[in-house]
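Asks: structure of the sequence below:
(one chain, ligands or ions: 1)
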Amino acid sequence: MAILEILQHPHPNLKLAGEEIKKVDASIKKIIDDLYETMYSFEHCVGLAATQVNIQKKVAVIDISEERNEPLCIINPVIIDTKDEVTEPESCMSVPAGISENVTRPETVTVEFMDAEGKKQKLTASGFLAKAIQHETDHLNGMLFIDHVSRLKRERIEKRMSKWRKRYADHAES
Ligand SMILES: [Zn+2]
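Replies: Residues are numbered from 1 along each chain as shown. Model prediction:
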């Protein structure tokens, strides 16, 4: 297992969609293990998509539990039904600098996916889990949560991130 480096916005590869996975073989299992290890290495990381670690395959892991013991692996997720709407702050490991913005999304989703054993699954989730599933599914389709906010807000985020990058670079040099 290995802790992988997480790409940060505006890395162009974050805009690439992952490829569909046909079969869960040893190489996919290794990716899943590495995704879990990387996610669990950050206290507040509740989900991680392969595309965030520069692997263009449709697989992501999620664990929203406080005890960090409810792992959920979603492969080729497709949201097939949604219900109601909710607006809540969202953040992302690929959009650092403490950035968090309100995003409006369906409150309940039904998602079809393949699990880590290669079995077809269907799950209906609400609340925080629904948000995490949508956020990770977005990543696998080359989208970030900031693609859901207004242009004005996005420009503000870009400014904050470039300041943060500059400070980080200055710090790294000294
Ligand atoms: Zn994210």
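
Asks: state the pLDDT value of the most centrally placed residue in the chain.
Replies: Per CA atoms, centre = their mean, the C-alpha nearest to the average position across the chain is that of Glu136, at 3.6 Å. In the predicted model, Glu136 carries a pLDDT score of 98.

Asks: report the buried residues of the helix or strand it falls within.
Replies: Assigned by DSSP states H and E, Glu136 falls within helix 127-140. By 16 or more other CB atoms under 10 Å, the buried positions in helix 127-140 come out as 129-140. In short, each C-beta sits where N, CA and C put it, glycine included.

Asks: specify the local secondary structure of the nearest residue to Ile133 once chain neighbours are set aside.
Replies: Excluding its sequence neighbours, the residue lying closest to Ile133 (CB to CB, 6 or more residues apart in numbering) is Val111, at 5.4 Å. For Val111, the secondary-structure state derived from DSSP: H, G, I helix; E, B strand; the rest coil is strand.

Asks: so Val111 bridges to which residues?
Replies: Ile79, Leu123 (DSSP bridges).

Asks: that one is in contact with Lys120, isn't it?
Replies: No - Val111 lies out of contact with Lys120 (CB atoms under 8 Å); the separation is 11.5 Å.

Asks: of the two, which one has the most company?
Replies: Per other CB atoms under 10 Å, whichever of Val111 and Lys120 has more neighbours is Val111, with 21 against 10.

Asks: got the buried residues for stretch 153-165?
Replies: 157, 161.

Asks: meant to ask about stretch 89-100, not that
Replies: Buried residues in stretch 89-100 (16+ other CB under 10 Å): 90-97, 99.

Asks: kindly report the same for stretch 73-80.
Replies: 73-77, 79.

Asks: ok, stretch 111-128 next?
Replies: In stretch 111-128, counting by 16+ other CB under 10 Å, buried: 111, 113-114, 116, 123, 125.

Asks: how long is it from one end to the other?
Replies: 14 Å (CA to CA, to the nearest Å).

Asks: got it, and stretch 38-49?
Replies: Start-to-end, stretch 38-49 (CA to CA) is 10 Å.

Asks: if you count neighbours, what's buried in it?
Replies: The neighbour-count check on stretch 38-49 (16+ other CB under 10 Å) flags 38-39, 45-49 as buried.
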